[in-house]
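Asks: Let me see the structure of the following:
(4 chains)
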2 protein chains.
Amino acid sequence: MAQKNLLPLILLGLLRDSKKTGYELKKDFDTEIGEFWSVKHSQIYLELKRLTELGEINAVTGFFGSKVEKTYYEITKFGKERFSKWQCSFQNELAVNKDEFVLKLYFIKDKSDERLGQLLKNQYELHLEKLLHLRQRMKDVFSTIDKDNNYGHYLILNHAIKREEEYTQWLDDSLKYISVGEEKNKREYID
Amino acid sequence: MAQKNLLPLILLGLLRDSKKTGYELKKDFDTEIGEFWSVKHSQIYLELKRLTELGEINAVTGFFGSKVEKTYYEITKFGKERFSKWQCSFQNELAVNKDEFVLKLYFIKDKSDERLGQLLKNQYELHLEKLLHLRQRMKDVFSTIDKDNNYGHYLILNHAIKREEEYTQWLDDSLKYISVGEEKNKREYID
DNA sequence: ATTTTCATGTAAGTCGTTACATGATTCT
DNA sequence: AGAATCATGTAACGACTTACATGAAAAT
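Replies: Coordinates of the predicted model:
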């Protein structure tokens, strides 16, 4: 396969607790799990069809009190099995972490390259924003639900925050370090 | 496009300093830049063809003293322009960091779930290995080349190490925390 | 009255992986 | 002599994105 195809597993996971429509699943990617995974609705509907054909979910179409026809998907025994199997499976290697910014930096050779400061600042803004957003999420999420009964979610939010703290710290340190270098260079030229 | 298509930029970047064959470029992904990006050789040759058609690189086929016919690719003015333009461009949002393990954890609800410890341990091993590897890389790389003249590379290796330090630390902390919880539970049951 | 949200899909195209394929050269 | 490396591609397929498409309901 071209990618690791984790979407069906995510969908099964989201359907474990209760049946949902494709639209509701899509909504989960705008909020909840959207913090950790992204996908387009077109792909969701496609994958739901495939999972239905595989017998891992059942599709139930009807009105359900509403005026609009909806299709609810509910997980089957086979779906639960597949999900459980995946959830307790071990990885034997890590995927490469693809980060456009890191790539850009790789090609910056000279320490006194003028673009360096600009790039670091831009990235710092983005990651600081992300960090603040994640801290807010942590507050919001666990004010309504219990930490110990959503422990995985708690752990990964915790990790995401620490990751962004490290990222911003690194960017900030790098910025300071290159400007100290500049100061030093300036003095060397002036003195 | 399906993905952000950064491969052509990487290839242009790798060709800035000197002309290279497709095979040499492929080799770079096994070592150097392979730490930060992965790609298959089939895709490299395809992208080289495309870049040639775009006039961003030139293909020169010949024997060059060797007994085997090779094709060297050299960057053109247009290629340099495209690369420079990308390298100093700003991002306006961050891509979602897709991590299978994080996904798995998201679906662990119960703090005392037995699988939690196993999964954390497995992941700890992988990230510790990665961390040790990166520290070695740092030593190896900058024993032969100069830090200040490969500053981007230095920065991102530095960052990668810090990232893995954070990752292993988080996993270790989480492991400790859940086993303390277990101990506490045990005592509660026993006392 | 108009925009936004709900709700669900199809079609085209691209990036990337996996597998297939070949032939020379160098190392053991 | 055989294995590994050098060197370069093609073909099939899958995952994902972008764009196209539609219609009702709810909100402003």
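
Asks: show me what contacts the residue most central in space within chain A?
Replies: Against the mean C-alpha coordinate of chain A, by Cα atoms, centre = their mean, the closest residue is A:Phe36 at 2.0 Å. Shown in contact with A:Phe36 (Cβ atoms under 8 Å, 6 or more residues apart in numbering or on different chains): A:156, A:160, B:96-99, B:102-103, B:106. Using the backbone N, CA and C atoms, a C-beta is placed for each residue, glycine as well.

Asks: can you check A:Leu103 too?
Replies: A:Leu103 neighbours (Cβ under 8 Å, 6+ apart): B:6, B:9-10, B:36-37.

Asks: Then A:Asp148?
Replies: Applying Cβ under 8 Å, 6+ apart, the residues near A:Asp148 are B:110-111.

Asks: separation between it and B:Leu119?
Replies: 17 Å (Cβ to Cβ, to the nearest Å).

Asks: what ranges do the strands span in chain A?
Replies: Assigned by DSSP state E, chain A shows strands spanning A:20-21, A:57-62, A:70-75.

Asks: ok, and what's touching stretch A:117-132?
Replies: Against stretch A:117-132 from outside (Cβ under 8 Å, 6+ apart): A:101, A:104-105, A:108, A:161, A:164-165, A:167-168, A:171-172, A:174-175, A:178-179, B:88, B:90-94.

Asks: Okay, and which of those map to helices?
Replies: A:101, A:104-105, A:161, A:164-165, A:167-168, A:171-172, A:174-175, A:178-179 (DSSP state H).

Asks: Kindly check the end-to-end length of stretch A:20-38 for me.
Replies: By Cα to Cα, to the nearest Å, the extent of stretch A:20-38 from end to end equals 18 Å.

Asks: Can you confirm whether it lies near DNA strand C?
Replies: Yes - using Cβ under 7 Å from any atom of the strand, stretch A:20-38 reaches DNA strand C at A:21-24, A:26-27.

Asks: Are any of the residues you listed buried, and if so which?
Replies: For these, a burial check counting by 16 or more other Cβ atoms under 10 Å in any protein chain shown picks out A:21-22, A:26.

Asks: if I look at the closest residue to A:Thr71 other than its chain neighbours, how far off is A:Gln136?
Replies: Nearest residue to A:Thr71 in three dimensions, chain neighbours excluded: A:Thr61, at 4.5 Å (Cβ to Cβ, 6 or more residues apart in numbering or on different chains). From A:Thr61 across to A:Gln136, the span is 38 Å (Cβ to Cβ).

Asks: low-confidence ranges in chain A?
Replies: Along chain A, the parts satisfying pLDDT under 70 run over A:1, A:181-191.

Asks: Give me the domain ranges for it.
Replies: A:7-87, A:100-190 (automatic domain parsing).

Asks: Indicate which one of the ones you listed is closest to DNA strand D.
Replies: Distance to DNA strand D, taken as Cβ to the nearest atom of the strand, is lowest for domain A:7-87 among the domains of chain A, at 3.6 Å.

Asks: That closest one and DNA strand D, any residue contact?
Replies: Yes - counting by Cβ under 7 Å from any atom of the strand, DNA strand D has neighbours in domain A:7-87: A:7, A:38-40, A:42-43, A:47, A:67-68.

Asks: From these, which land in helices?
Replies: A:7, A:42-43, A:47.

Asks: Name the residues of chain A found near DNA strand C, please.
Replies: With the criterion set to Cβ under 7 Å from any atom of the strand, chain A comes near DNA strand C through A:1-3, A:21-24, A:26-27, A:41-42, A:45-46, A:48-49, A:66, A:68, A:70-71.

Asks: Just the buried positions in stretch A:92-100, please.
Replies: A:94, A:97-100.

Asks: contacts for it?
Replies: By Cβ under 8 Å, 6+ apart, stretch A:92-100 touches A:4, B:4, B:6, B:34-38, B:91, B:95, B:97, B:99-100, B:126-127, B:130, B:163.

Asks: Go again with 7 Å.
Replies: With Cβ atoms under 7 Å, 6 or more residues apart in numbering or on different chains as the test, stretch A:92-100 has contacts from B:4, B:6, B:36-38, B:91, B:126, B:130.

Asks: Weed out the non-buried ones from the ones in helices among the residues of domain A:7-87 next to DNA strand D.
Replies: Counted by 16+ other Cβ under 10 Å, these give A:7, A:47 as buried.

Asks: between the ones in helices among the residues of domain A:7-87 next to DNA strand D, which is closest to DNA strand C?
Replies: A:Ser42 (3.2 Å).

Asks: So that closest one versus A:Leu48, what's the distance?
Replies: Relative to A:Leu48, and taking Cβ to Cβ, A:Ser42 is found at 11 Å.

Asks: Spatially nearest residue to A:Glu69, not counting backbone neighbours?
Replies: Of all residues not flanking A:Glu69 in the chain, A:Phe63 sits nearest, at 6.0 Å (Cβ to Cβ, 6+ apart).

Asks: ok, the one you found - how many residues close by?
Replies: Neighbour count for A:Phe63, taken as other Cβ atoms under 10 Å in any protein chain shown: 9.
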